[in-house]
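Chemist: Sequence unavailable; structure follows:
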Ligand code: ME8
């Protein structure tokens, strides 16, 4: 087994159904997890639901539902979304899981043992939507003078006795961390934002609540449940085996989250961990937001799109490809049905899908599916393979650096090179005029298609897997891309290519009923 690689998404609030933002985060994390597995890393991938807190409790109450039933049912929708979108998680954690209670209480005790927790009275502003406390100076003015959080959500005044965490004590250690580990917060823009926030000074954080009981009980402190973010963040440790066992996957390599919750992950979380004496994650990456036709999604605008509806209309691969390709990772991005259809048809269906489809069906039809003979090679063949090798290597180094869209762009250069090669070599007309040359060209194309299909597997696992199945290519790691002996082994084995069905069908814009 290779070196461990532990990747996590945020755990979602299941107070409503999953939206496209949740799907986007799961898909991005999944592509990275699959990529790291191909690279030979021993990957552990965790996602799940964040079920405690006031937001959940209020939603269940408003719907007249039993808390546990409601959380269970809604969490199921998130799990179903992950399963439908081919998210290859190792654990779907629920914060209502028993081992998570144990982990949360253990980290609490460790912070208490460091002298970082004390009882006092909290008076201040709280946003239930964000599950966040805000300082007066952070608030902005909304319509009619209403006070709003910096995220534009409603805040309420709360006053109660709570436990406090000595966050102020960690101001300098956090600044030292950001300076020492430039990759701790990515991308750069979020790093700067967090450094400015911490340089501005940190107040101690209220970390328990007494006005409701839907949370993890604070050890030996009747009436207190933990502030939902204390237990939510601890999910990453629960999944790593804390506090009971060995923790081969800790520290996490990558916490992938949205830009709105970077503060919790890059300020509170490392402070909790330092206090508890636990190693810090290596990178917190705050991705951008998905906008619908350039506008923020909101229930009142009626533009909250069900990701499963999109997957149904366009296919899982198409949705995955579009989201990872269209959005420069780290920045905001916009989507619409037209944009999905245009992008997927041009790049996935026409450029790659069609390349594979016509090559394989030609071989199935004209060579009885047998692998082409060595034929008469020319410089152009070696040149194409070289271009494809470079494209796949470019994709690898971009993905390694979380530059997902640029990685796919590098891959596309290999696909375009194949299309130019086909046009220039015209294998279909060589069938009659120069069969020896035709064999060499088709053989070159199969080699190229196999390498490109392996490289794009993390993005479009089903379609690329289908192409590889047709080719009988079972080894799908990065090492397999560079394996020169594959072709000869397939010839020796007498493998034949069956008449293919398209791996990446062309999309049509739905005419009746808008899907996006
Ligand atoms: O924040 N585009 O849960 P959540 C892209 N429970 N990403 C988006 C998005 C959008 N339009 N809207 C939300 C929570 N997200 C907490 C996390 S982690 C210990 C606890 C992202 O359901 C958001 O940034 O509100 C977050 O990373 C994830 O979806 C879950 O959001």
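Modeler: Now that the structure is in, tell me what you want to look at. Since the structure is predicted, the reported quantities are computational estimates derived from the model, not experimental observations.

Chemist: In the protein, which residue sits closest to the ligand?
Modeler: residue 258 (1.7 Å; C-beta to the nearest ligand atom). (C-beta placed from N, C-alpha, C; glycine too.)

Chemist: isn't that residue right next to residue 12, touching?
Modeler: No. Between residue 258 and residue 12 there is no contact under C-beta atoms under 8 Å: 10.3 Å.

Chemist: between the two, which one's more packed in?
Modeler: The residue with more neighbours, out of residue 258 and residue 12, is residue 12; 23 against 18, by other C-beta atoms under 10 Å.

Chemist: returning to that earlier point: so what's the residue of the chain closest to the ligand up against?
Modeler: Counting by C-beta atoms under 8 Å, 6 or more residues apart in numbering, residue 258 touches 10, 21, 25, 286-289.

Chemist: what would the residues you listed look like in a markdown table with neighbour count, secondary structure and distance to the ligand?
Modeler: Below are the contacts of residue 258 laid out as a markdown table (neighbours: other C-beta atoms under 10 Å; DSSP: H, G, I helix; E, B strand; the rest coil; distance: C-beta to the nearest ligand atom, whole Å):
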| residue | neighbour count | secondary structure | distance to the ligand |
| --- | --- | --- | --- |
| 10 | 24 | coil | 3 |
| 21 | 20 | helix | 2 |
| 25 | 21 | helix | 5 |
| 286 | 24 | strand | 8 |
| 287 | 28 | strand | 7 |
| 288 | 19 | coil | 7 |
| 289 | 16 | coil | 4 |
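
Chemist: What is the nearest of the residues you listed to residue 194?
Modeler: Distance ranking of the contacts of residue 258 against residue 194, using C-beta to C-beta, places residue 286 first at 8.9 Å.

Chemist: Beta-bridge partners for that closest one, please?
Modeler: residue 257 (DSSP bridges).

Chemist: so it touches residue 184, yeah?
Modeler: No. Residue 286 is beyond contact range of residue 184, at 11.6 Å (criterion: C-beta under 8 Å).

Chemist: what does this protein have sitting close to the ligand?
Modeler: 10-13, 21-22, 24-25, 50, 232-233, 235, 257-258, 260-261, 289-290, 297 (C-beta under 6 Å from any ligand atom).

Chemist: can you do 5 Å?
Modeler: Residues of the chain lying close to the ligand by C-beta under 5 Å from any ligand atom are 10-13, 21, 50, 232-233, 257-258, 260-261, 289-290.

Chemist: what's the neighbour count on residue 69?
Modeler: Using other C-beta under 10 Å as the criterion, the residues surrounding residue 69 number 10.

Chemist: sorry, back to before: pLDDT and distance to residue 385 for the contacts of residue 258 - can I get that in a markdown table?
Modeler: A markdown table is the format used below for the contacts of residue 258 (pLDDT from 0 to 100; distance: C-beta to C-beta, whole Å):
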| residue | pLDDT | distance to residue 385 |
| --- | --- | --- |
| 10 | 98 | 41 |
| 21 | 96 | 40 |
| 25 | 98 | 36 |
| 286 | 98 | 39 |
| 287 | 98 | 35 |
| 288 | 97 | 36 |
| 289 | 96 | 40 |
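
Chemist: wait, what's in contact with the residue of the chain most remote from its centre?
Modeler: Farthest-out residue of the chain from its mean C-alpha position, per C-alpha atoms, centre = their mean: residue 433, at 49.9 Å. Residues in contact with residue 433 (C-beta under 8 Å, 6+ apart): none are found.

Chemist: And the residue lying closest to residue 54 once chain neighbours are set aside, what's its pLDDT?
Modeler: Of all residues not flanking residue 54 in the chain, residue 128 sits nearest, at 4.9 Å (C-beta to C-beta, 6 or more residues apart in numbering). The model reports residue 128 with a pLDDT of 94.

Chemist: from the residues of the chain next to the ligand, which two are the most distant?
Modeler: Taking C-beta to C-beta as the measure, those span a maximum distance of 23.5 Å, between 233 and 290.

Chemist: does residue 99 sit in a helix, a strand or a coil?
Modeler: Using DSSP: H, G, I helix; E, B strand; the rest coil, the structure places residue 99 in helix.

Chemist: how many neighbours does the closest residue to it other than its chain neighbours have?
Modeler: The shortest distance from residue 99 to any non-neighbouring residue, by C-beta to C-beta, 6+ apart, is to residue 238 (5.7 Å). Other residues near residue 238 come to 25 when the count uses other C-beta under 10 Å.

Chemist: Please apply the same query to residue 196.
Modeler: By the criterion of other C-beta under 10 Å, residue 196 has 9 neighbours.

Chemist: a helix runs through it, doesn't it?
Modeler: Yes. Using three-state DSSP, the secondary structure at residue 196 is a helix.

Chemist: Look at it and report its pLDDT.
Modeler: pLDDT, residue 196: 97.

Chemist: circling back: please tell me how far the residue nearest to residue 54 sits from residue 94.
Modeler: According to C-beta to C-beta, to the nearest Å, residue 128 and residue 94 sit 21 Å apart.

Chemist: In contact with residue 241, which residues?
Modeler: By C-beta under 8 Å, 6+ apart, the contact set of residue 241 is 247-250.

Chemist: Going by neighbour count, list what's buried in stretch 382-401.
Modeler: 384-385, 387-388, 391-396, 398-399 (16 or more other C-beta atoms under 10 Å).

Chemist: Quick check: mean pLDDT of it?
Modeler: Rounded mean pLDDT across stretch 382-401 is 98.

Chemist: who's in contact with that stretch?
Modeler: 31-32, 35, 39, 404, 406-415, 417-418, 421, 444, 447-448, 451-452, 454-456, 458, 478, 481-482.

Chemist: And this protein, what are its domain boundaries?
Modeler: Domain assignment for the chain by the TED database gives 4-287, 350-493.

Chemist: Tell me the buried residues in stretch 166-183?
Modeler: Result for stretch 166-183 [16+ other C-beta under 10 Å]: buried residues 166-167, 169-171, 174, 177-178.

Chemist: in what helix or strand does the nearest residue to residue 414 once chain neighbours are set aside lie?
Modeler: Sequence neighbours aside, residue 391 is the residue nearest to residue 414 in space, at 2.8 Å (criterion: C-beta to C-beta, 6+ apart). Per DSSP states H and E, residue 391 falls inside helix 379-400.

Chemist: Beyond that helix, next helix or strand please.
Modeler: Criterion used, DSSP H and E; the element after helix 379-400 is helix 404-425.

Chemist: buried sites along that next one?
Modeler: Buried residues in helix 404-425, counted by 16+ other C-beta under 10 Å: 404-412, 414-418, 421-422, 425.

Chemist: Pull up the distance across stretch 301-308, start to finish.
Modeler: By C-alpha to C-alpha, to the nearest Å, the extent of stretch 301-308 from end to end equals 20 Å.

Chemist: Could I get the average pLDDT for that stretch?
Modeler: Rounded mean pLDDT across stretch 301-308 is 82.

Chemist: ditto for stretch 482-499
Modeler: Regarding stretch 482-499, the rounded mean pLDDT is 96.

Chemist: helix or strand for residue 34, which one?
Modeler: helix 20-38.

Chemist: now the angle between helix 379-400 and that helix, please.
Modeler: Inter-element angle recorded for helix 20-38 and helix 379-400: 120 degrees (by axes from the mean of the first three to the mean of the last three C-alpha atoms, to 10 degrees).

Chemist: what's the following helix or strand after helix 20-38?
Modeler: Remark: after helix 20-38, the chain's next helix or strand is strand 42-49, criterion DSSP H and E.

Chemist: if I look at the nearest residue in space to residue 160 that is not next to it in sequence, how far off is residue 122?
Modeler: Ranked by C-beta to C-beta, 6+ apart and with sequence neighbours excluded, the top spatial neighbour of residue 160 is residue 210, at 5.2 Å. Separation of residue 210 from residue 122 (C-beta to C-beta) stands at 10 Å.

Chemist: what is in contact with these two at once?
Modeler: 160-162.
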